[in-house]
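# From the sequence below, what's the structure:
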Amino acid sequence: MPQPYLAADFFNIHNGQGPRQFAELAIALLLSSLIGLEREARQKSAGLRTHTLVGVGSALFMEVSIHGFGALLGTDGVALDPSRVAAQVVSGIGFIGGGLIFVKKDAVRGLTTAATIWLTCAIGMACGGGLPLLAAGATAVHFLIVRGFSKVSERIGTTRLPETVELRLTYRSQRGLLGRMLEICTSSGFRVTDVQVETGAEEEERVSAEVLLRLEGTTSAHSLVEALAELGGVRGVALGRQGDSTE
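Okay, here's the model as predicted:
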């Protein structure tokens, strides 16, 4: 028969509440904070607080999964599977990641942030599962990917042949917005070859406008579309290539 639960067991260090468990939570806090700081520095939608909470929460779930049901061991008809809680954490983190992904016209935003949240969850679970070295290695891999792979992508982009793309943008007509859009295009590695502006009808006391940009460059046009879609005042961005329809 299992032993009755006593009030003294609340602080029992042998009941999954010892220095090791607190150390694992601290490691999860440190590693997830490092990832969160990197996302915060890039001004992403999920930054320091989100990543830290995900990492520490995942580690705590693992601690509960491993140590939280020890009192039931030995009970007739009870079989414990510590992996079940971990599996539910993996499924549940998808709700947070899914909420960070937005699709606007041809632009998809939040994929990398959602993947980072997913990885932070795995790092926290590794810490809570007693695998701190593996968690530290995964953190290092994160920085290698988000920092190093972006430079690799830039190098690959420089080897591409220039291509002509067309962007049709609908935006709220306001001072300086068109110049800001052109600045984003040039800073993204594109050369503006043609600009055609059409002023739309007045809509809710605000004048809308539409511009057709013809660009030439070697970098990813989808990244440019994403950057333009995030600009305040831009209502729609449609991407087309030379010979394609931009509708």
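# Would you quantify the distance from the most centrally placed residue in the chain to Ile101?
The residue lying closest to the centre of the chain (Cα atoms, centre = their mean) is Thr113, at 0.7 Å. Thr113 sits 8 Å away from Ile101, going by Cβ to Cβ, to the nearest Å. (Each C-beta comes from the backbone N, C-alpha and C, glycine too.)
# And the helices in the protein?
Taking DSSP state H as the test, the helices found in the chain are 19-41, 48-67, 83-99, 111-128, 132-143, 149-158, 177-187, 221-229.
# List the buried residues in the fourth one.
To tie it back to what came earlier, the one meant is helix 111-128. Using 16 or more other Cβ atoms under 10 Å as the test for burial, helix 111-128 gives 113-128.
# now swap in the third one and tell me
Of the residues in helix 83-99, 85-86, 89, 93, 96-97 count as buried by neighbour count, 16+ other Cβ under 10 Å.
# Including pLDDT and distance to His51, could those residues go into JSON lines?
JSON lines is the format used below for the buried residues of helix 83-99 (pLDDT from 0 to 100; distance: Cβ to Cβ, whole Å):
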{"residue": "Val85", "pLDDT": "79", "distance to His51": "21"}
{"residue": "Ala86", "pLDDT": "80", "distance to His51": "19"}
{"residue": "Val89", "pLDDT": "85", "distance to His51": "15"}
{"residue": "Ile93", "pLDDT": "85", "distance to His51": "12"}
{"residue": "Ile96", "pLDDT": "78", "distance to His51": "11"}
{"residue": "Gly97", "pLDDT": "76", "distance to His51": "12"}
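# And the residues you listed, which two are furthest apart?
Farthest apart among the buried residues of helix 83-99 by Cβ to Cβ are Val85 and Gly97. That separation is 19.0 Å.
# Over stretch 136-154, what's the mean pLDDT, rounded is fine.
When pLDDT is averaged along stretch 136-154, the result is 81.
# Please identify the buried residues of it?
Buried, per 16+ other Cβ under 10 Å, within stretch 136-154: 136, 138-139, 142, 146.
# contacting residues for Ser188?
217, 219, 223-224, 227 (Cβ atoms under 8 Å, 6 or more residues apart in numbering).
# Over to Ile184?
Contact partners of Ile184, counting by Cβ under 8 Å, 6+ apart, are 224, 227-228, 231.
# go again using 10 Å as the cut-off
190, 224, 227-228, 230-231 (Cβ atoms under 10 Å, 6 or more residues apart in numbering).
# Repeat that for Arg109.
Contact partners of Arg109, counting by Cβ under 10 Å, 6+ apart, are 44-45, 100-103, 226-227, 229-230.
# So which of the contacts of Ser188 is the closest to Thr50?
Ala227 (22.2 Å).
# Tell me the spacing between that closest one and Ser33.
Taking Cβ to Cβ, one finds Ala227 at 28 Å from Ser33.
# send the alpha carbons of stretch 219-237 over as PDB?
C-alpha atoms of stretch 219-237 as PDB (Å, rounded to 0.1, in the frame of the first residue of the first chain):
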ATOM      1  CA  THR A 219      17.700  38.700 -53.300                       C
ATOM      2  CA  SER A 220      14.500  37.000 -52.100                       C
ATOM      3  CA  ALA A 221      11.500  39.000 -53.200                       C
ATOM      4  CA  HIS A 222       9.300  37.300 -50.600                       C
ATOM      5  CA  SER A 223      11.400  38.800 -47.800                       C
ATOM      6  CA  LEU A 224      10.900  42.200 -49.400                       C
ATOM      7  CA  VAL A 225       7.100  41.600 -49.500                       C
ATOM      8  CA  GLU A 226       7.100  40.700 -45.900                       C
ATOM      9  CA  ALA A 227       9.000  43.800 -45.000                       C
ATOM     10  CA  LEU A 228       6.600  46.000 -47.000                       C
ATOM     11  CA  ALA A 229       3.600  44.300 -45.500                       C
ATOM     12  CA  GLU A 230       4.700  45.200 -42.000                       C
ATOM     13  CA  LEU A 231       5.000  48.900 -42.900                       C
ATOM     14  CA  GLY A 232       2.300  51.000 -41.300                       C
ATOM     15  CA  GLY A 233      -0.200  52.300 -43.900                       C
ATOM     16  CA  VAL A 234       0.300  49.500 -46.400                       C
ATOM     17  CA  ARG A 235      -3.000  47.700 -47.000                       C
ATOM     18  CA  GLY A 236      -1.900  45.100 -49.500                       C
ATOM     19  CA  VAL A 237       1.100  43.800 -51.400                       C
END
